[in-house]
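Colleague: give the three-dimensional model of this entry:
(2 chains)
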Protein chains: 2
Amino acid sequence: MFDENGEKYLDCINNVAHVGHSHPYVIKAATKQMELLNTNSRFLHDNLVQYAQRLTATLPEKLSVCYFVNSGSEANDLALRLARQYRGHQDVITLENAYHGHVTSLIDISPYKFNQLEKDSKKEFVHVAPSPDVYRGKYREDHPDPASAYAEEVKKIIEETQKNGRKIAAFIAESMQSCGGQVIPPVGYFQKAAEYVHAAGGVFIADEVQVGFGRVGKHFWAFQLQGEDFVPDIVTMGKPIGNGHPMSCVVTTREIAEAFGASGLEYFNTFGGNPVSCAIGMAVLEVIEKEDLQRNATRVGNYLLELLTEQKQKHPLVGDIRGVGLFVGVDLVKDQQKRTPATAEALQLIYKLKEQQILLSADGPHRNILKFKPPMCFTMEDAKHVVDKIDVLLTGMYTNEGNSQPESVNESISHINGAACRQENGFYSDKRSVSSKRLRT
Amino acid sequence: MFDENGEKYLDCINNVAHVGHSHPYVIKAATKQMELLNTNSRFLHDNLVQYAQRLTATLPEKLSVCYFVNSGSEANDLALRLARQYRGHQDVITLENAYHGHVTSLIDISPYKFNQLEKDSKKEFVHVAPSPDVYRGKYREDHPDPASAYAEEVKKIIEETQKNGRKIAAFIAESMQSCGGQVIPPVGYFQKAAEYVHAAGGVFIADEVQVGFGRVGKHFWAFQLQGEDFVPDIVTMGKPIGNGHPMSCVVTTREIAEAFGASGLEYFNTFGGNPVSCAIGMAVLEVIEKEDLQRNATRVGNYLLELLTEQKQKHPLVGDIRGVGLFVGVDLVKDQQKRTPATAEALQLIYKLKEQQILLSADGPHRNILKFKPPMCFTMEDAKHVVDKIDVLLTGMYTNEGNSQPESVNESISHINGAACRQENGFYSDKRSVSSKRLRT
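Modeller: Residues are numbered from 1 along each chain as shown, chains lettered A, B, ... in the order given. Model (predicted):
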C-alpha cells in the first residue's frame, strides 16, 4: 500500500484485500459486468446461479443453499433468522470475546462489543461460553482434552438454559476468533459442541467472515481444521469474498432453507447477489485457484510461524505463537508464567512498526495480541522483513525501558483503549499517529 | 433493459438504477478508483471526506454527520441505534404498511413484513400509527386537515405509551411510502408529528431509501415536500445512492452523533465508506446534476400524471392517481365509491404489460397499486408508450371479462400472493412468467 505521499507500506492486516490490493483480474471482471448489466434482486441473472454453484463446490455437500447479502453483518443477522425460524427457538450461545457484526441483533451476541456497554448489557436470550483458548482460557495446553472440556461447558449452558424453560436456536462461533485474540479452537471442539447443540434442537453457525476463503492454507474454510467429520449447519462469509467489494453470503442446508421459506416471510435484499457482485465473487475464487494462494498461505504462513518461534526463544515478551496459514497471533506477555498481557508493549510495537512502514495491529480482550492476516499474496520476503523489524524493536524495548514506562505512554494508551475497537476499526492514520508521537516523548 | 434473447424492455420500476442502467460515467469512476485503491474502513481516504461534504450539501445545515454503510437495511438499523442511544429510550413509532428493511431489528418495525407472520408478531416496543394515506386511510381528501388529524394519532400513541411507562426513541417514516402503496403524506404532517415526538424525547427518522436523490423533481429529498420548516433528525439513504453498487448512508445531527460516540461503543463497518463506494456515490451526484435529472423527473413526471389522469376519466378501474416527479401510484379499484382494491386486475395488468415488454409492478397492502419509479432518465416518449399500452389493456379487460374472471386467474393470483412481497422482490422472470401463462388460459 502507498499513502498520499507515495510512501510504501507493508500490509500485514488486510484480510479484506484478500487476493491483493486492486487485483487487475477482479477489476476487469467487475468492469465488464458493470458495463453490461447490473440489476437488483428483482431479476434473475445467470451469474447468480453460476456463482452459487462455484461457492457451494468448496463446501461439504449438505451446505447447498446460498443467500447473497452485502456484508458480514447482514450474513450473521440472516443466519440468526434462519436458526430461529428452524425450530422456533430463540436463545443463542456465543463465545467469550466473540465479534459477529455491527447491527443491533449482532451486538447482542458479541461480548467483544456488549461488554463495552454498561453492566447488564447481556440480553436474557444470550449465553456466553468460554473462549476455547488453550493459552489464556479456562482449559489450557496442559489439559488432557481441552476440546471435550470446552464442549462440556456448552453442554452445561444448554442444561441450565433448558432448566429455565428456554430453548437454544443456535450456537455461533467464528471458526477462529480474530478480534477475540487469534484463537484457534482445539480439534474436536466443534463436533462435540455441535452434538450437544443439535440434541437441544439448535443449529451450529460457523462464522467465516474473517477467516474463510483459503486463509488457513490446507483448507478452504477454517472450520475444516476441525476434521472431515464436522459440518456446520450454516456458514457465514464476508470480508475477503469480494476483495473489498461489499458482498457476502450465507450458506445453509436445504432443510433449514425450506423451514425459512415456509414462514411465508420472503427474504428480499436489494443489492444482494447482483450480477456485478457475483462476477467479482467468481473472479476472486478464480484468482485463489489460479495463483495457488492456498499453497502460498501454507508455505509463507509456516515460514512466518518458524521465524516468530525464533523470536519467542529470544524475547521473554513473546508468550505464545499460534497460527495456521496466513492467520497468525503473537501473544505478548509481561510474565511468561502468569501470562500477564503486555498491552502497552503491544501498542508501542505496532506504532513503531507503522513508523517503519509496516501495518500490523493488536487485538484480543487485552489488546496484547499481534494480529497477522495479510493479503494472501504475502511473500516469504515480506514475512522475513516484518519479523526482522519486530526483532529489532523488541530488543530496543528491553534495552530502553525495562519495566518503567514514562507516564505519557500510559496516558496515550488509555486514550487509545477508550477508543475501543479502534485498532480493528478505524481511522488508523488519525488517532494512531497522534498517539505514536506521544509514545516517542 | 434487454433479456437474455436481446429483447428490449421498458423499465418503469427500477429506482436502484437511478441515473440509468450501466451509466458510463459511474462505471468510469468505479473502475478508476478500483484500479488505484480500495480499502476498508481501517484507513481514511480523501474520497470519504469529499463525498460526505457533497452529500451533506444537499441537506439542511444541521444534518452534518455521515455514517457510510452498505445497504438501506444497515442504514435503518444504525438509525435506530442512534435514536436509542440519544436519550436511552427504546420504543419506536412506525407507520401502517411501512417497510424499512430485512434485518431482524427492521422486520420488527415493518408492518409490511411482520403482519405476514403469525398473530402477535408485533413487539411490545413497536407502535403502529395510521398510514397518512388520504385516499384509503382514516382521514381522506374530504377531511379539512388530514395532516393534523394523522399527527394527532401519533400524539395519542405517545400519550398511551407514556401512560404505560414506556419511552419513545423514534418515529420512523418513509418520506413517501413505496411498498405501502405509493403514499404521499399530506403537507404539514411530518412537522406536527415531529413536534409531538420531540416533546417525548424521541427523534424523527426520515427513510429516503426508496425516494431520495431527486426522484421527486423539485427537491433532492422527498421529506422536503413537507416544507422548509421541516428537518428530520436522521435521514437514511439506500437504493439509488450508488446506481446499483451496494452502499448507503445515515446522516444525522452533531448532537445525536456525539451522544452515540459517548456510548464508548464505536461504530465499525468493514466496507462502509470505502474509496470505491465513495467515488461511485460522487459520480451519481454529478450525473444527477449534469444531466439535470431532477428537472427531467418533474417534466416527465408531470406528463405521466397528466396522461394517467386522462385514463382515470376514461376507465372506472382507475380510482386514484397520485405522484410527484418520477414517483407515481395508480390505485385500481373495483368500485369508485367503496374503493374496493382491484388486486386481480392490477396483477393481470402487470403480467400483460410484461408480455408487451414493459416492466411495471403492483404493491400496497392489497397489491392493487401500480407503482412507477423508473430510472431518472425516463423520457416523455417512455411515459406515452406505457400509458398507451395501459389504455389498450384496460379497455380490453372491460370488454373481455367484466366482473367474471375465469377460475384460473384467481388460482394463479393466490399463488402469487402466497409468495408475499415477490413483486417487490424477486425472481421476476421465474414465477411471473409461469403465472402470466396461466392468466392467458
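
Colleague: wait, what's in contact with the nearest residue to A:D233 once chain neighbours are set aside?
Modeller: Spatial nearest neighbour of A:D233, excluding adjacent residues (C-beta to C-beta, 6 or more residues apart in numbering or on different chains): A:V203 at 3.9 Å. For the C-beta atoms, the positions are set from N, CA and C on the backbone; glycine is no exception. Residues in contact with A:V203 (C-beta atoms under 8 Å, 6 or more residues apart in numbering or on different chains) are A:82-83, A:86, A:169-171, A:197, A:233-234, A:256.

Colleague: neighbour-wise, which one of these leads?
Modeller: Using other C-beta atoms under 10 Å in any protein chain shown as the neighbour criterion, A:F171 leads these with 30 neighbours.

Colleague: wait, is it part of a strand?
Modeller: Yes: using DSSP: H, G, I helix; E, B strand; the rest coil, the secondary structure at A:F171 is a strand.

Colleague: for it, what are its contacts?
Modeller: A:92-94, A:129, A:154, A:193-194, A:197, A:202-205.

Colleague: kindly report the same for A:F220.
Modeller: A:58-59, A:212-214, A:294.

Colleague: let's verify it: helix, strand, or coil?
Modeller: coil.

Colleague: for it, give me phi and psi.
Modeller: Phi and psi for A:F220, reported as degrees, to the nearest 10, are phi -80, psi -30.

Colleague: nearest to chain B among the contacts of A:F171?
Modeller: Chain B has its nearest neighbour among the contacts of A:F171 in A:V92, at 11.5 Å by C-beta to the nearest C-beta.

Colleague: so which elements touch the helix or strand hosting the closest one?
Modeller: A:V92 belongs to strand A:91-95 when assigned by DSSP states H and E. For strand A:91-95, the helices and strands in contact under the criterion 3 or more C-beta pairs under 8 Å, 6 or more residues apart in numbering or on different chains; DSSP states H and E are strand A:126-129, helix A:146-163, strand A:168-174.

Colleague: tell me who's in contact with the residue nearest the centre of chain A.
Modeller: Centroid-nearest residue in chain A, with C-alpha atoms, centre = their mean: A:Q210, separated by 3.0 Å. By C-beta under 8 Å, 6+ apart, A:Q210 lies in contact with A:15, A:174, A:176, A:178-179, A:238-239, A:373.

Colleague: cross those against strands and list the overlap.
Modeller: Using DSSP state E, the subset of those located in strands is A:E174.

Colleague: restrict the contacts of A:Q210 to those near chain B?
Modeller: A:238-239 (C-beta under 8 Å from any C-beta of the partner chain).

Colleague: can you tell me which of the contacts of A:Q210 is nearest chain B?
Modeller: A:K239 (5.8 Å).

Colleague: okay, the nearest residue to that closest one once chain neighbours are set aside: pLDDT?
Modeller: If the residues on either side of it in the chain are set aside, A:K239 comes closest to A:V16, at 4.7 Å by C-beta to C-beta, 6+ apart. pLDDT for A:V16: 96.

Colleague: ok, for A:H219, nearest residue in space, not its chain neighbours?
Modeller: A:L225 (6.2 Å).

Colleague: the one you found: neighbour count?
Modeller: Using other C-beta under 10 Å: A:L225 sits among 20 other residues.

Colleague: so it makes contact with A:I184?
Modeller: Yes: between A:L225 and A:I184 there is a contact under C-beta atoms under 8 Å: 7.4 Å.

Colleague: overlap in contacts, the two.
Modeller: With C-beta under 8 Å, 6+ apart, A:L225 and A:I184 have common neighbours A:176, A:324.

Colleague: quick one: name the residues of the stretch 101-250 of chain A near chain B.
Modeller: Checking the stretch 101-250 of chain A against chain B by C-beta under 8 Å from any C-beta, the hits are A:102-105, A:107, A:113, A:116-117, A:238-239, A:243-247.

Colleague: hmm, which of the residues you listed are the buried ones?
Modeller: With burial judged by 16 or more other C-beta atoms under 10 Å in any protein chain shown, the buried subset of these is A:102-105, A:107, A:113, A:116, A:238-239, A:243-247.

Colleague: quick check, pLDDT for the nearest residue to A:G264 once chain neighbours are set aside.
Modeller: Residue nearest to A:G264 in three dimensions, not counting chain neighbours: B:Q116, with 5.5 Å by C-beta to C-beta, 6+ apart. If you check B:Q116, the pLDDT there is 83.

Colleague: could you do the one 4 residues further on as well?
Modeller: We note a pLDDT of 75 for B:D120 in this prediction.

Colleague: likewise the one 5 residues further on?
Modeller: Per-residue pLDDT puts B:F125 at 97.

Colleague: isn't it right up against B:N164?
Modeller: No: under the criterion of C-beta under 8 Å, B:F125 is not in contact with B:N164, lying 10.8 Å apart.

Colleague: who has more neighbours out of these two?
Modeller: The residue with more neighbours, out of B:F125 and B:N164, is B:F125; 17 against 8, by other C-beta under 10 Å.

Colleague: who's in contact with that one?
Modeller: Contact partners of B:F125, counting by C-beta under 8 Å, 6+ apart, are B:90-92, B:166.

Colleague: same thing but at 6 Å, please
Modeller: B:90-91 (C-beta atoms under 6 Å, 6 or more residues apart in numbering or on different chains).

Colleague: residue contacts, the nearest residue to A:R339 once chain neighbours are set aside?
Modeller: In this structure, A:R339 finds its nearest non-sequential neighbour in A:V333, 5.1 Å apart by C-beta to C-beta, 6+ apart. By C-beta under 6 Å, 6+ apart, A:V333 lies in contact with A:319, A:339-340, A:342.

Colleague: nearest residue to A:C249 in space, please, no chain neighbours.
Modeller: Using C-beta to C-beta, 6+ apart and skipping residues adjacent in sequence, the residue nearest A:C249 is A:M237, 4.6 Å away.

Colleague: does the one you found touch A:G212 like I think?
Modeller: Yes: the pair A:M237 and A:G212 passes the contact test of C-beta atoms under 6 Å, sitting 5.5 Å apart.

Colleague: quick one: pLDDT of A:G418?
Modeller: Confidence score, pLDDT, at A:G418: 26.

Colleague: how about the strands in chain A?
Modeller: A:10-11, A:65-69, A:91-95, A:126-129, A:168-174, A:203-207, A:234-236, A:248-252, A:318-324, A:327-335, A:340-341, A:358-359, A:361-363, A:369-372.

Colleague: now those strands in a markdown table, please, with extra columns for distance to A:V26.
Modeller: Output for the strands of chain A, formatted as a markdown table (distance: least, C-beta to C-beta, whole Å):
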| stretch | distance to A:V26 |
| --- | --- |
| strand A:10-11 | 16 |
| strand A:65-69 | 17 |
| strand A:91-95 | 32 |
| strand A:126-129 | 37 |
| strand A:168-174 | 25 |
| strand A:203-207 | 24 |
| strand A:234-236 | 22 |
| strand A:248-252 | 16 |
| strand A:318-324 | 25 |
| strand A:327-335 | 21 |
| strand A:340-341 | 38 |
| strand A:358-359 | 21 |
| strand A:361-363 | 24 |
| strand A:369-372 | 23 |
